[in-house]
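Engineer: How does the following fold in three dimensions:
(one chain, ligands or ions: 1)
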Amino acid sequence: MSTPPKRVEHALTDKGYVPVYTTAVVEQPWASYSETDHATWATLFARQQEILPQRASRAFLDNLTRMQMRPDVIPKFDDLNIALRQTTGWELVGVEGLLPELTFFDHLANRRFPVTWWIRKPEQLDYLSEPDLFHDLFGHVPLLMEPVFADYMQAYGKGGVKAHAIGADALTHLTRLYWYTVEFGLIREPDGLRIYGSGIVSSKGESIHCLESPAPNRIGFDLRRIMRTRYRIDTFQKTYFVIDSFDQLMDATRPDFAPIYAELAAQDSIPAGDVLSSDHVFHSGSGEGWLNDGDV
Ligand SMILES: [Fe+2]
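Structural biologist: As a prediction, the model looks like this:
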């Protein structure tokens, strides 16, 4: 019998939580989930089911239904993989925690999506600093069923492998793109702005905040602008970027980024909450509740 997978969480130090990386690919130890684990999944799933119908993108909602994730117990990766392989050729692989960048990019470049096998504790329903099973599965996997978005994710992985070889600044620029699209992106639909970012759809508080609060900026997608923009890892975002379609995202990321990284190297980064005169502004944030420092 093989060793059970580990639960690799961020470490609490005197500087706060610091990431701990792990590279193993593991079998999902489904039989070892406790009643509490399943109840945590069910609670989080029910909360998001209640608030997302008027807030999440059509693509997210339709694919969530198509995937038939079970609301009452933690889904089995093997079951979801049957639907995923048939529609877009993606596959979920179990991991023990946060992956080093290059390992993560390599998985995406090969249409494998790493999913943390373990779920947060009941006292972490509203926030935890690292990705867990609910974030990875509920937040990310429905859109892997969407063909154009699925291609974008693979293109991002390939871009990540290249950026890693170019250097730290290139990686910083590319990471911001992932953050402001895959994790915290909004999309314009006929009835208004909707959520597609997984960091938002897996968070009750941010699902409401990103669309309804006057505090954050909502600004039209612009590749170079996003690559220059710092972001928050400890609070809701100060700025959300809005795409018109997944095709727009895919088209913007088709060119080779190497000349863009070179161009951006000479430009300053932009604080997370700034609005520029060149921005297409859907909403200029009131800034209420913002902390002055702490952008990464
Ligand atoms: Fe994520």
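
Engineer: Quick one: the strands in the stretch 51-200 of the chain, in order.
Structural biologist: 91-95, 112-116, 186-189, 192-195 (DSSP state E, counting those that start in this stretch).

Engineer: For residue 84, find the nearest of these.
Structural biologist: Among those, strand 91-95 comes nearest to residue 84, with 6.4 Å by CB to CB. C-beta coordinates here come from the backbone N, C-alpha and C atoms, glycine included.

Engineer: how distant is the closest one from the center of its chain?
Structural biologist: Computed by CA atoms, centre = their mean, to the nearest Å, the chain-centroid distance of strand 91-95 equals 16 Å.

Engineer: Please name every helix or strand in contact with that strand.
Structural biologist: Applying 3 or more CB pairs under 8 Å, 6 or more residues apart in numbering; DSSP states H and E, we find strand 91-95 packed against strand 25-26, helix 77-87, strand 112-116.

Engineer: In contact with residue 93, which residues?
Structural biologist: Applying CB atoms under 8 Å, 6 or more residues apart in numbering to residue 93 gives the contacts 25, 77, 107, 112-115.

Engineer: Using a markdown table, please lay out those together with distance to residue 293, neighbour count and pLDDT.
Structural biologist: Below are the contacts of residue 93 laid out as a markdown table (distance: CB to CB, whole Å; neighbours: other CB atoms under 10 Å; pLDDT from 0 to 100):
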| residue | distance to residue 293 | neighbour count | pLDDT |
| --- | --- | --- | --- |
| 25 | 38 | 14 | 92 |
| 77 | 40 | 21 | 97 |
| 107 | 34 | 19 | 98 |
| 112 | 37 | 16 | 98 |
| 113 | 34 | 24 | 98 |
| 114 | 32 | 22 | 97 |
| 115 | 33 | 21 | 97 |
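
Engineer: Measure how buried residue 15 is and give me the count.
Structural biologist: 7 (other CB atoms under 10 Å).

Engineer: going forward, begin numbering at 839 instead of 1
Structural biologist: With 839 as the first residue, the last one maps to residue 853.

Engineer: Contact partners for it?
Structural biologist: Neighbour list for residue 853: empty [criterion: CB under 8 Å, 6+ apart].

Engineer: got it, and residue 970?
Structural biologist: Contacts of residue 970 by CB under 8 Å, 6+ apart are 954, 956-958, 962.

Engineer: how near is the spatially closest residue to it that is not a sequence neighbour to residue 871?
Structural biologist: In space, and not counting its chain neighbours, residue 970 is closest to residue 958: 4.5 Å by CB to CB, 6 or more residues apart in numbering. For residue 958, the distance to residue 871 (CB to CB, to the nearest Å) stands at 13 Å.

Engineer: what does stretch 879-890 rub up against?
Structural biologist: Counting by CB under 8 Å, 6+ apart, residues outside stretch 879-890 touching it are 898-899, 907, 909-912, 957, 963, 971-972, 976, 1033, 1039-1040, 1042, 1045-1046.

Engineer: I meant stretch 910-924, not that one.
Structural biologist: Taking CB under 8 Å, 6+ apart as the rule, stretch 910-924 contacts 866, 868, 871, 875-876, 879-880, 904-907, 928-932, 953, 957, 971, 975, 979, 982-983.
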